[in-house]
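**Q** sequence first, predicted coordinates after that:
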Amino acid sequence: MSDSKIVKLLDESSNRSSELPLISGTLGPACIDIGTLYKDTGHFTYDPGYGSTASTKSAITYIDGDQGVLLYRGYPIEQLAEKSNFLEVSYLLLNGELPNKTQFEGFEHEITHHTMMHEAQKNFFQGFHHDAHPMAMLAAAVASLSAFYHDDLDVENPADRKMAAIRLIAKMPTIAAACFRYSIGWPVRYPRNNLEYVTRFLHMMFEVPSEPLTLNPVAAKALDLLFILHADHEQNASTSTVRLVGSTGANPYASIAAGITALWGPAHGGANEAVLKQLEEIGTPDNVEKAVLRAKDKNDSFRLMGFGHRVYKNFDPRAKIIREMCHKVLAELGVNDPLLEVAMKLEEAALKDDYFVERKLYPNVDFYSGIIYKALGIPTEMFTVMFAIARTSGWIAHWIEQHETPGSRIGRPRQIYTGADVRDYTPTAKR
Ligand code: CMC
């Protein structure tokens with residue numbers, strides 16, 4: 001890291017100036033450190049949507065949006081997708097290094113032995129309406145963990161932080177499966193700890209008390225891969241939310257619950273559900289052209305869901321992997337989904353359309369993932385819940401990194417005030 005160069009900024013109206021150092025990371029463009037700008041010049045910066053703002057230093061994930069590169073702790077996503085598994089990736093995100101055999105076995109043991117929900121937590125689900133959206137239930141249930149594990153938790157204590165990470169990664173599939181089962185009126189299943197992480201989750205989702213479940217190993221492999229691809233993505237909206245809430249010293253379960261609510265929006269993780277609904281609405285490849293025309297029409301709020309990304313101005317590397325995997329998984333499971341044909345036609349049409357080319361809008365991670373979830377028997381409303389299970393590892397890794405960083409401050413942006421000038425109160429009779 002070098003912090004040598006200085007950018008000089010002069011406000012000619014007041015003749016006040018600021019010397020702003022450049023901060024470089026290991027990879028990526030250097031950033032202008034504006035920490036003293038207000039003190040030196042009396043001005044804030046204005047960057048709605050944070051298109052030009054780095055909110056933190058982080059050693060977890062690196063994205064090069066122009067080249068379509070994604071690294072977790074330096075390892076290319078393509079290599080992790082081919083060779084690793086979700087729990088190993090979770091260990092990597094949390095600890096910075098890949099585990100050796102003993103470390104992995106220890107981590108897996110800890111996760112496996114924290115999978116159960118508190119028995120009282122099951123009662124929470126009874127309070128929801130039967131058709132409550134599973135993301136609403138998930139956010140509430142995860143926030144409720146802070147009621148079970150609050151008093152004995154010290155966010156300044158590294159061991160307590162680690163235990164929160166283990167509990168969250170372990171319990172998230174159990175809670176997620178409970179959300180699904182409550183919505184369809186099935187009894188909640190306890191986790192079977194003789195199974196590995198993803199298979200255990202699929203059992204909690206689909207096993208009924210009356211007969212054993214036969215699971216195709218292709219399903220677990222595919223879901224594990226999707227979890228790897230969704231595990232982290234640097235300072236996206238939900239991770240930034242976790243960090244903002246975390247910066248106040250809030251309980252980690254409350255911080256992650258906030259991340260879940262941010263993820264739910266259709267511009268973020270909710271896009272996977274929206275993509276499938278949109279593909280269903282389009283219905284057949286013949287209707288693709290009409291959909292593309294609507295997406296380009298500035299008088300229509302319709303957007304192609306699963307297209308575009310704030311950072312990637314090239315192929316999202318995760319989308320490339322998922323696209324290939326989608327064909328393979330459907331073939332291996334013997335599923336013939338006509339929506340795949342609609343998706344491929346839509347991708348083809350958008351990629352050669354000037355509107356999408358000029359704006360560098362490519363398919364993102366959510367474009368093909370829904371077709372795979374559907375082939376695995378996961379209902380559409382649970383798609384974003386799948387994303388949340390995987391992203392929990394990233395969220396909690398960021399929350400820990402934030403607490404390990406000396407001198408961290410509460411997140412507190414400023415604004416440009418556009419309201420009324422100062423004025424006197426008038427009594428009701430005179431208004
Ligand atoms: N369909 C049609 N036009 C689009 C789309 C789209 N999907 N995405 C962006 N544009 C246009 C947008 O109208 C704007 O056009 P103009 O310059 O003429 O005003 C231009 O492209 C730039 O868009 P933006 O909204 O300024 O870009 P952004 O970086 O603020 O938003 C995005 C990024 C992902 C929210 C947006 O591309 C989008 O809404 N995509 C659809 C939803 C989606 O797939 N979200 C998942 C994102 S990846 C996974 C995740 O984050 O969880």
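**A** Yep, that arrived.
**Q** how about the contacts made by the residue in the stretch 201-350 of the chain that the ligand sits nearest to?
**A** Proximity of the stretch 201-350 of the chain to the ligand (C-beta to the nearest ligand atom) peaks at Gly308, 2.3 Å away. (C-beta placed from N, C-alpha, C; glycine too.) Contact criterion C-beta atoms under 8 Å, 6 or more residues apart in numbering gives Arg359, Leu361, Tyr362, Asn364 as the residues in contact with Gly308.
**Q** keep only those of those residues that are in helices.
**A** For those, not one is inside helices, with DSSP state H as the criterion.
**Q** which of those come close to the ligand?
**A** Intersecting these with the surroundings of the ligand, defined as C-beta under 6 Å from any ligand atom, gives Arg359, Leu361, Asn364.
**Q** isn't Glu97 up against Arg73?
**A** Yes. Glu97 is in contact with Arg73 according to C-beta atoms under 8 Å; the separation is 7.3 Å.
**Q** ok, those two, which is more surrounded?
**A** Comparing Glu97 with Arg73 by neighbour count (other C-beta atoms under 10 Å), the higher total belongs to Arg73, at 19 against 11.
**Q** so what's that one up against?
**A** Contact analysis of Arg73 by C-beta under 8 Å, 6+ apart lists Ala59, Ile60, Thr61, Leu92, Leu93, Gly96, Glu97.
**Q** buried members of those residues into PyMOL, please.
**A** Here is the PyMOL selection string for the buried members of the contacts of Arg73, based on 16 or more other C-beta atoms under 10 Å:
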select buried, resi 60+61+92+93
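**Q** the ligand: which of the contacts of Arg73 is nearest?
**A** Within the contacts of Arg73, the smallest distance to the ligand is 13.2 Å, found for Thr61 (C-beta to the nearest ligand atom).
**Q** select only the buried ones of the contacts of Gly308 in ChimeraX?
**A** The buried residues among the contacts of Gly308 can be selected in ChimeraX (16+ other C-beta under 10 Å) with this line:
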select :361,362,364
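**Q** biggest separation within the contacts of Gly308, which pair?
**A** In those, two members sit farther apart than any others by C-beta to C-beta. They are Arg359 and Asn364, at 13.3 Å.
**Q** number of residues surrounding the nearest residue to Arg181 once chain neighbours are set aside?
**A** Nearest in space to Arg181, with sequence neighbours left out and distances taken as C-beta to C-beta, 6 or more residues apart in numbering, is Val188 at 5.4 Å. A count of neighbours around Val188, defined by other C-beta under 10 Å, yields 17.
**Q** and after the host helix or strand of Cys326, which helix or strand comes next?
**A** Cys326 belongs to helix 317-333 when assigned by DSSP states H and E. Past helix 317-333, heading to the C-terminal end, the next element that is a helix or strand (DSSP H and E) is helix 338-351.
**Q** tell me the buried residues in that next one?
**A** Leu339, Leu340, Val342, Ala343, Met344, Lys345, Leu346, Glu347, Ala349, Ala350.
**Q** up against the ligand, what does the stretch 251-400 of the chain have?
**A** Applying C-beta under 6 Å from any ligand atom, one finds that the stretch 251-400 of the chain approaches the ligand through 267-269, 271, 295, 303-310, 359, 361, 364-366.
**Q** now, of those, which are buried?
**A** If you count burial by 16+ other C-beta under 10 Å, the buried members of those come out as 268-269, 271, 295, 303-309, 361, 364-366.
**Q** so who does Ala319 touch?
**A** Ala319 makes contact with Tyr362, Pro363, Asn364, Val365, Phe367, Tyr368, according to C-beta under 8 Å, 6+ apart.
**Q** wait, which of these is closest to Asp224?
**A** For the contacts of Ala319, the minimum distance to Asp224 (C-beta to C-beta) is 15.6 Å, reached by Val365.
**Q** neighbours around Gly35, how many?
**A** For Gly35, the neighbour count with other C-beta under 10 Å is 12.
**Q** and it, that one's in a strand?
**A** No. Assigned with DSSP: H, G, I helix; E, B strand; the rest coil, Gly35 falls outside any strand and is coil.
**Q** quick one, phi psi at it?
**A** Reported as degrees, to the nearest 10, the phi and psi values for Gly35 are phi -50, psi -30.
**Q** model confidence at it, what's the number?
**A** Residue-level confidence at Gly35 comes out at 92, pLDDT.
**Q** repeat for the one 10 residues further on
**A** Per-residue pLDDT puts Thr45 at 96.
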